[in-house]
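dropping a prediction and its sequence here:
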Amino acid sequence: RSLFSMAKVTAENLFIAKRLGIDFEASELKLDKWGNVDFYCQTGNLMILLEVEKGQKHPCTNVIKVWPYLEENPELKIFLIQIVRQENKAPKNRIALCKYMGKKMESEFPNRFKYLFRNWHDDLIDDIRSTVAEKLTELT
């Protein structure tokens, strides 16, 4: 795996992806025409997507873009993890929209989509990992 295939912003967030203990690919995933995802891992029909928000002022777009991709790929199950770094300055209402859309999509795709939103702090890694494991169990 080469870091050269990663976008600069993805490489900057690699330390977070590695701390989650998931074997993410070394390149971004293109969700057809809906955009790219920072990190992904696929096993069979299950995809784990990770978006790390550092400078994104509209982080809700990183949740919403998964909706049409789910509709267009009915065979897939997707677990979206959204981590917001401390330096992210997105307004509170836009963060609230992330959480709202995540819950809305979970209800729209009950057996196919799970969402986890967390603010990043190194001290929280154990909590984040255990919540990731719980959500994965719900999808498998």
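Everything's here; your move.

this protein: helices as residue ranges?
Assigned by DSSP state H, the helices in the chain fall at 8-12, 14-19, 61-64, 66-72, 92-108, 125-139.

what's the least confident helix or strand in the chain by mean pLDDT packed up against?
Least confident helix or strand, the chain: helix 8-12 with a mean of 76, by mean pLDDT, DSSP states H and E. With contacts taken as 3 or more C-beta pairs under 8 Å, 6 or more residues apart in numbering; DSSP states H and E, helix 8-12 sits against no other helix or strand. No exception for glycine: its C-beta is placed from N, CA and C like everyone else's.

how about it: buried residues?
residue 10 (16 or more other C-beta atoms under 10 Å).

how far does that helix sit from its chain's centre?
Computed by C-alpha atoms, centre = their mean, to the nearest Å, the chain-centroid distance of helix 8-12 equals 15 Å.

could you list every residue that touches residue 36?
Applying C-beta atoms under 8 Å, 6 or more residues apart in numbering to residue 36 gives the contacts 7, 28, 29, 30.

how near is it to residue 10?
9 Å (C-beta to C-beta, to the nearest Å).

and for residue 131?
Using C-beta to C-beta, we find residue 131 at a distance of 23 Å from residue 10.

look up phi and psi at residue 13.
Main-chain torsions, residue 13, degrees, to the nearest 10: phi -100, psi 10.

now it: closest residue in space that isn't a chain neighbour?
Nearest residue to residue 13, sequence neighbours excluded (C-beta to C-beta, 6 or more residues apart in numbering): residue 52, at 3.8 Å.

pretty sure the one you found contacts residue 85?
Yes. With contact defined as C-beta atoms under 8 Å, residue 52 reaches residue 85; the gap is 6.5 Å.

what touches both of the two?
13, 16, 120.

pLDDT below threshold where in this structure?
Flagging of the chain using pLDDT under 70 yields the residue ranges 1-6, 9.

could you single out the most deeply buried of the helices of the chain?
Ranked by mean neighbour count, the helices of the chain are led by helix 61-64 with a mean of 19 (mean count of other C-beta atoms under 10 Å).
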